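Chemist: build me a model from this:
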Amino acid sequence: MNLSKHMEFIFVGALALIGVSAAAGAAAPKFLAARAPAVHAATAQNIAPPVVVVKTKRLTAEEKAALAE
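Modeler: Below is the predicted model of the structure:
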């Protein structure tokens with residue numbers, strides 16, 4: 001098959017594919033989920049700083065020596 005004889009058909013086919021994909025892409029946003037409502041950021045006066053409490057027993061001298069090895 002001589003490719004040069006069919007270049008016009010290939011070009012028109014490529015344009016058709018580009019047009020179809022552009023139309024499909026333009027219709028896509030209406031199928032996407034709605035955005036979540038905006039959340040107002042709290043001011044620094046209303047925010048309490050996070051507190052971390054760590055409770056554990058202290059290591060004995062033998063346990064410290066075992067960990068140091």
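Chemist: output the top helix by length along the chain as PDB, restricted to C-alpha atoms.
Modeler: Counting residues, the longest helix found in the chain (DSSP state H) is helix 7-27. The C-alpha coordinates for helix 7-27 follow below in PDB (Å, rounded to 0.1, in the frame of the first residue of the first chain):
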ATOM      1  CA  MET A   7      -2.200  10.800   3.600                       C
ATOM      2  CA  GLU A   8      -5.300  12.900   3.200                       C
ATOM      3  CA  PHE A   9      -7.500  10.200   4.700                       C
ATOM      4  CA  ILE A  10      -5.000   9.800   7.600                       C
ATOM      5  CA  PHE A  11      -5.000  13.600   8.200                       C
ATOM      6  CA  VAL A  12      -8.800  13.800   8.200                       C
ATOM      7  CA  GLY A  13      -9.000  10.800  10.500                       C
ATOM      8  CA  ALA A  14      -6.500  12.400  12.900                       C
ATOM      9  CA  LEU A  15      -8.500  15.600  12.900                       C
ATOM     10  CA  ALA A  16     -11.700  13.700  13.700                       C
ATOM     11  CA  LEU A  17     -10.000  11.900  16.600                       C
ATOM     12  CA  ILE A  18      -8.700  15.200  18.000                       C
ATOM     13  CA  GLY A  19     -12.200  16.800  17.700                       C
ATOM     14  CA  VAL A  20     -13.800  13.900  19.400                       C
ATOM     15  CA  SER A  21     -11.300  13.900  22.300                       C
ATOM     16  CA  ALA A  22     -11.600  17.600  22.700                       C
ATOM     17  CA  ALA A  23     -15.400  17.300  22.900                       C
ATOM     18  CA  ALA A  24     -15.200  14.500  25.400                       C
ATOM     19  CA  GLY A  25     -12.700  16.500  27.500                       C
ATOM     20  CA  ALA A  26     -14.900  19.600  27.500                       C
ATOM     21  CA  ALA A  27     -17.900  17.600  28.800                       C
END
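Chemist: now it: average pLDDT?
Modeler: Here helix 7-27 scores 86 as its mean pLDDT.
Chemist: likewise for stretch 56-69?
Modeler: Regarding stretch 56-69, the rounded mean pLDDT is 90.
Chemist: residue 50 - how many residues pack around it?
Modeler: The tally of other residues near residue 50 (other Cβ atoms under 10 Å) stands at 5. Yep, even glycine has a C-beta here, placed from its N, CA and C like the rest.
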